[in-house]
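Q: Structure of the sequence below:
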Amino acid sequence: MSIKVAFNSSFSGAIHARDFRTPACMVHGDGGKVVTLDLNLGAQRGSPDYCGLLVNNRTDERSIPIAVRLHKTLELADDKFYVITCGKASFKNAKNETSLVTLRLQDGSRKVVQAVFLKPYSLKAEISRPDGLHGFRVKNCIVFNKSNTSVPLIDDGGCPVDKSIISPFTYDDNKGYATAELKSMFRFSEGSDVHFQCDIGLCRGVCPEPSCNGGQSGPLTTEEGVLIASTSVFVLDPGQAPLVSELCEDVGGVRPSWLLWLCIALGVLFLIMLIINIFLCSAMTCACASTEIIDKEPSIIEDYDPYRSWHGSQYGSRYSLNGPPQHPKGYTSGGSTMNSARSVSSHSDHYAIVHSRPGSRYKNRGPPSHVGSHYSGK
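A: Numbers count the residues shown, from 1 in each chain. I've put the predicted structure just below:
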């Protein structure tokens, strides 16, 4: 950022970034009427040339507060303070939207930051959100370098100063842009950096057309105000390697082109894989669906059948009604243990016999036992 401070008389004080008095952030007047302070916008916090730069990430604006001291050392009540902002020019259109004004050098539709010496280019001024109620005209275009050597390109009437360098701007008010053709790229002898700067005048409705058919053109009337747009490029010799490799541009798509096709191929493969995964998951869901089976322990009371005979059991047979059952050796009847239905008292009107089946949970606990209970009838 290059800040110029102009005075009505000679100045011998100091100009510095507020709260930073380091050599990189301060300059002293030499008695002249103009003092220039150069600040490094790329300095990182903590570095010797950092001067308290404020960056707005939303609008990409960079601001710096500066102090103009009348004395080189002392701080006086008459000292002045300013905030200098470097960023994109904008205005509020009829729809109350923020419309940005930009200027760029283009090769076809691609933005150029490194131009080739003697190659033709186009200079494009653009309003980001045209509303149909505001027109604009480009005027007072200049080019300059770091040493402040400047050359006019477009005058105050919107006409080329030298038509062998640049053509008049042609406008498309509906789309909000204007272009002028550079016959061949130029440069300064002091260095490779070239800065373009133009005034963008706004009008209510249709702006007057520039009169560039010869003679002295009059100034364009832009009653809605004037904004400043600028851009910078590095001019390289033909065949010289670019200083920065450009892969992606603001305009013109993706560079190199094979990167775009690679992204498209990967996207198609991803969609195919997604469809296959959905199909497989659906098939597995149908195959793995099963009903829940509850393993219920059979009831020994409900399953009792006095006429059913299980293998290895001599009790509960239908033949027990024809005579007393044969008891296994070592078992006797009496007490509260009933060995058959025949052992129940003749006065009993209720009884229950519980059998132990082979394979049940009582299998390994000893010989089957029979429990009977009787109630004396009264």
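
Q: the domain parsing of the protein - what is it?
A: 2-87, 90-257, 299-378 (automatic domain parsing).

Q: which stretches of the stretch 1-150 of the chain have low pLDDT?
A: Along the stretch 1-150 of the chain, the parts satisfying pLDDT under 70 run over 59.

Q: can you give me the strands for it?
A: Counting by DSSP state E, counting those that start in this stretch, the stretch 1-150 of the chain has strands at residues 2-6, 14-17, 26-28, 34-38, 54-56, 61-69, 80-86, 89-92, 98-107, 110-111, 114-116, 121-127, 134-144, 150-154.

Q: What helices and strands are in contact with the helix or strand following the last one?
A: Proceeding N to C from strand 150-154, the next assigned helix or strand is strand 170-172, under DSSP states H and E. Using 3 or more CB pairs under 8 Å, 6 or more residues apart in numbering; DSSP states H and E as the contact criterion, the neighbours of strand 170-172 among helices and strands are strand 177-182. No exception for glycine: its C-beta is placed from N, CA and C like everyone else's.

Q: at 10 Å instead, please
A: Applying 3 or more CB pairs under 10 Å, 6 or more residues apart in numbering; DSSP states H and E, one finds that strand 170-172 contacts strand 134-144, strand 177-182.

Q: Mean neighbour count, the ones you listed: which tops it?
A: Ranked by mean neighbour count under mean count of other CB atoms under 10 Å, those are led by strand 134-144, which reaches a mean of 22.

Q: between it and strand 177-182, how many degrees?
A: Strand 134-144 and strand 177-182 are oriented at 30 degrees to each other (axes from the mean of the first three to the mean of the last three CA atoms, to 10 degrees).

Q: give me the number of residues near P130?
A: 19 (other CB atoms under 10 Å).

Q: show me the contacts for it.
A: 93-94, 99, 136, 172-177 (CB atoms under 10 Å, 6 or more residues apart in numbering).

Q: now these: which count as buried?
A: With burial judged by 16 or more other CB atoms under 10 Å, the buried subset of the contacts of P130 is 93, 99, 136, 173, 176-177.

Q: Could you dump these into TSV with distance to R129 added?
A: What follows is the buried ones among the contacts of P130, written out as TSV (distance: CB to CB, whole Å):
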residue	distance to R129
N93	6
S99	4
F136	12
D173	13
G176	7
Y177	12
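
Q: ok, of those, which one's closest to I127?
A: G176 (3.9 Å; CB to CB).

Q: Tell me the spacing between the nearest residue to the closest one once chain neighbours are set aside and V68.
A: Excluding the flanking residues, the one nearest G176 by CB to CB, 6 or more residues apart in numbering is P130, at 3.3 Å. Remark: distance between P130 and V68 (CB to CB, to the nearest Å) = 39 Å.

Q: Among the strands of the stretch 1-150 of the chain, which comes closest to A229?
A: Closest approach to A229 among those is made by strand 98-107 (3.8 Å; CB to CB).
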